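Asks: Using only what follows, build the 3D model:
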Amino acid sequence: MSDILISIEVAYALPDQQWLIPLQLTPPVTAEQAVQASGLLELIPDLARDELTVGIFGTVCASSKELGSGDRVEIYRPLIYDPKVARRIRAAK
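Replies: The predicted model follows:
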């Protein structure tokens, strides 16, 4: 086992609350492993493990993506409204 650790963060946000969990993990580590290590899945029961969409610094990626030091894994919530529909509603007002 390697003594080298990488520093990463796992982020999740709701409209009224945000979580940013710093982690030190032994590589290789995937985005899915980082989310599990963060404890957010246990802390926020509404997060469905099988349906998670994750990204690194705003770019969607596979949960199997290997992380590097300094990466921030972001857990994305599903869209409530289709952006095109929301634009049409705003334009109609």
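Asks: now could you export just the CA positions of stretch 64-83 as CSV?
Replies: What follows is stretch 64-83, C-alpha atoms only, in CSV (Å, rounded to 0.1, in the frame of the first residue of the first chain):
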residue,chain,number,x,y,z
SER,A,64,-15.4,5.4,-12.6
LYS,A,65,-13.1,8.4,-13.5
GLU,A,66,-9.8,8.2,-11.6
LEU,A,67,-9.1,11.3,-9.6
GLY,A,68,-6.0,13.4,-9.2
SER,A,69,-4.8,15.5,-6.3
GLY,A,70,-6.8,18.7,-6.0
ASP,A,71,-9.9,17.5,-7.8
ARG,A,72,-13.3,18.5,-6.6
VAL,A,73,-16.0,15.9,-7.2
GLU,A,74,-19.4,17.5,-7.5
ILE,A,75,-22.6,15.5,-7.1
TYR,A,76,-25.3,16.9,-9.3
ARG,A,77,-29.1,17.0,-8.6
PRO,A,78,-31.5,16.2,-11.4
LEU,A,79,-33.1,19.1,-13.2
ILE,A,80,-36.5,20.1,-12.0
TYR,A,81,-37.4,21.8,-15.2
ASP,A,82,-36.2,21.4,-18.8
PRO,A,83,-34.2,24.6,-19.5
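Asks: ok, and what's touching that stretch?
Replies: Stretch 64-83 is contacted from outside by 6-14, 25, 27-32, 34-35, 40, 47, 51-58, 60, using CB atoms under 8 Å, 6 or more residues apart in numbering. No exception for glycine: its C-beta is placed from N, CA and C like everyone else's.
Asks: quick one: average pLDDT of that stretch?
Replies: In this model, stretch 64-83 has a mean pLDDT of 90.
Asks: Buried residues of it, list them for me.
Replies: By neighbour count with 16 or more other CB atoms under 10 Å, stretch 64-83 contains the buried residues 65, 67, 71, 72, 73, 74, 75.
Asks: Format the residues you listed as CSV; extra columns: secondary structure.
Replies: Converted to CSV, these look like this (DSSP: H, G, I helix; E, B strand; the rest coil):
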residue, secondary structure
65, coil
67, coil
71, coil
72, strand
73, strand
74, strand
75, strand
